[in-house]
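Peer 1: following is a predicted model, sequence given first.
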Amino acid sequence: MANRKPIYLDYCATTPCDPAVVEAMLPFFTTHFGNASSASHRYGWEAAEAVQIAREQIAELIHASPDEILFTSGATEALNLAIQGLFTHYHAKGNHLITCTTEHHAVLDTMRFLEQYRGAKVTYLSVNANGKLDLEELKNAITDQTLLICLMYANNETGVLHPVKSISEIAHRYGIPFLTDATQAAGILPMDVEKDGIDLMAISAHKMYGPKGAGALYVRKRFLGRRLQLVPLLHGGGQEKGMRSGTLNVPAIVGFGKAAELVMQHRETEYLRLQQLRDRLEKALVAAGCIIHGSTEPRLPHVTHVHTPGIPSRVLIPALAAEIALSAGSACSSATGQPSHVLKAMGMSDEEAFSSLRISVGRFTTEEELQYSIQLIGNAIERLRQAD
C-alpha cells in the first residue's frame, strides 16, 4: 500500500462523490445545461424538472414535503438563513436564542454576530464530559423572549447524538421552533422531521457522497398553525420562492438528489458495516492505551474521537500522513491552532484536546484498509511513546 494514495479516514470532513452521483450530474454540465428559471424553452424546463426531482428525493430522505425544501450552497448558508432569517422576522417579539457550546462554528459564529450587531441575547448550554446535554438546563434557559432553540442532531467531532425528539417536545411546549444542524447525521441515520418534531433542518450534499456547493434548509409548512417566516439573506432574483435568490446550481442539486437516493437504498446495511469497522478500530485503540471520547453516549456509527495520552496530534498526524488521511477535528477549525472548542466544552484540558484525533470511516473504506490503518496507528503510537 506504500505506493498508493493515503487511506482516507476523514469522512466527517467531506466524502468523495459516489460514481453514480457523478454520472447523474454530467449531462447537466453539457446537454442539459439550462437555467432552471428559464421558463420559456425546453432547456429551462429540463433543468427545472431535474431540480424538482432532486427536491422530492431530498424531501423523501427526511420525510418532508418537497415544498418544504429550500436549496442553498451548503449547510452553513442554510443555518445562517434559518437563524438570521428567523431572528430578523420575529425580533420584535423577543431577542433570545438558545444553542450549545459544542455546536459547529456555522451556528456559534452566527449567534455571536447577532449578539454583536443585532442585540440578540444567546444562552449557550453546557455539556458533560461525554458531550451530553442536560435537558433541565434547556428548560430553565427558556424565557418569554426566546425565539429559537438551535441544537445539532449529531456532533461533527465526537459523533455524539442529541435527543432531538425530547428537545422538540420541550421547545413546542413553550411554542418555540426547533432548528437542528443534521449535516453529519442525514447521510447515516434515518430521518423523520415529523416524528422528531423538527421545524427547521440544515443538511449538506458533500457529507453524503454528493458534490460540494449544494445544501438544503427544511422549513416546516405549519408551525402553531402558520408557516415559519424567514427574511432572506440574498436578494436579486426571487428564486426558491423568494427565499434564496441566485441561479440554481442545477448539476450540484441533481447530484444532491441522487446522493439522497443512494443513502436511502443502502442506509441500514451501511450503518451496520460502518459500526463494525468503527468498533474494531476502537477496540485496538483502547488496547493501545487510548481513550474514546463520548463512548458512553449514543453516537454516529462511523466516528471515533480519541485521546492519545502524551502524543500531540500535531506529531501523530504527520507521522501517519504518508499513508493515512485523518484529522484532529473539524476541517473548518483545523487551521486556527486553537484547541477544539468541543473538547474544551466537555471539560478537557488543552493538553488533552491537543492530543486527540477524529477518525471517520465511510462508504469506500474496506476491511483491508481498516486493518492496515489499525496496524499503522498502533505502530506509530508505540514508536512515539518510546521516543518521548
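Peer 2: All right, it came through fine.
Peer 1: M264 contacts I58, doesn't it?
Peer 2: No - in this structure M264 lies outside contact range of I58 using Cβ atoms under 8 Å: 10.4 Å. Using the backbone N, CA and C atoms, a C-beta is placed for each residue, glycine as well.
Peer 1: give me the domain ranges for the protein.
Peer 2: Following automatic domain parsing, one finds the domains of the chain at 7-16+267-387, 19-260.
Peer 1: can you put these in a markdown table and add mean pLDDT and mean neighbour count?
Peer 2: Formatted as a markdown table, those follow (pLDDT from 0 to 100; neighbours: other Cβ atoms under 10 Å):
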| stretch | mean pLDDT | mean neighbour count |
| --- | --- | --- |
| domain 7-16+267-387 | 92 | 18 |
| domain 19-260 | 96 | 20 |
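Peer 1: and the pLDDT at A2?
Peer 2: pLDDT, A2: 48.
Peer 1: restricting to C-alpha, output stretch 173-182 in CSV.
Peer 2: Taking C-alpha atoms only, stretch 173-182 is exported to CSV below (Å, rounded to 0.1, in the frame of the first residue of the first chain):
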residue,chain,number,x,y,z
ARG,A,173,-44.4,23.0,24.9
TYR,A,174,-43.3,26.7,25.0
GLY,A,175,-44.3,27.5,21.5
ILE,A,176,-40.7,27.8,20.3
PRO,A,177,-39.4,26.5,16.9
PHE,A,178,-36.6,24.0,16.9
LEU,A,179,-33.7,24.1,14.4
THR,A,180,-31.2,21.3,14.1
ASP,A,181,-28.0,21.0,12.1
ALA,A,182,-28.2,17.5,10.7
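Peer 1: and that stretch, how far out from the chain middle?
Peer 2: Offset of stretch 173-182 from its chain centre (Cα atoms, centre = their mean, to the nearest Å): 17 Å.
Peer 1: what residues does it touch?
Peer 2: Here stretch 173-182 makes contact (Cβ atoms under 8 Å, 6 or more residues apart in numbering) with 62, 75, 79, 82-83, 86, 103-104, 106-107, 142, 146-154, 162, 164, 167-168, 171-172, 191, 197-203, 220, 223-224, 228.
Peer 1: of the residues you listed, which belong to strands?
Peer 2: The members of the contacts of stretch 173-182 that map onto strands under DSSP state E are T146, L147, L148, I149, C150, L200, M201, A202, I203.
Peer 1: tell me what the third one is bridged to.
Peer 2: In this structure, L148 bridges to L97 when assessed by DSSP bridges.
Peer 1: report the contact partners of it.
Peer 2: Contacts of L148 (Cβ under 8 Å, 6+ apart): I83, L86, F87, L97, I98, I176, P177, F178, L179.
Peer 1: who are the packing partners of the longest helix along the chain?
Peer 2: Longest helix of the chain, by residue count under DSSP state H: helix 250-287. Here helix 250-287 touches helix 19-25, helix 42-62, strand 291-292, strand 303-307, helix 367-387, going by 3 or more Cβ pairs under 8 Å, 6 or more residues apart in numbering; DSSP states H and E.
Peer 1: angle of it against helix 42-62?
Peer 2: Using axes from the mean of the first three to the mean of the last three Cα atoms, to 10 degrees, the inter-axis angle of helix 250-287 relative to helix 42-62 is 30 degrees.
Peer 1: how distant is helix 250-287 from the center of its chain?
Peer 2: 13 Å.
Peer 1: also stretch 246-258?
Peer 2: 19 Å.
Peer 1: check whether A92 sits in a helix, strand or coil.
Peer 2: For A92, the assignment made with DSSP: H, G, I helix; E, B strand; the rest coil gives coil.
Peer 1: residue nearest the centroid of the protein?
Peer 2: Nearest to the mean C-alpha position of the chain, by Cα atoms, centre = their mean, lies T183 at 2.2 Å.
Peer 1: quick one: contacts for that one?
Peer 2: By Cβ under 8 Å, 6+ apart, the neighbours of T183 are A75, H104, M152, N156, A202, I203, S204, K207.
Peer 1: which among these gets closest to F33?
Peer 2: S204 (24.1 Å; Cβ to Cβ).
Peer 1: ok, I188 - contacts?
Peer 2: Taking Cβ under 8 Å, 6+ apart as the contact definition, I188 lies against A154, R267, E270, Y271, L274, L300, P301, H302.
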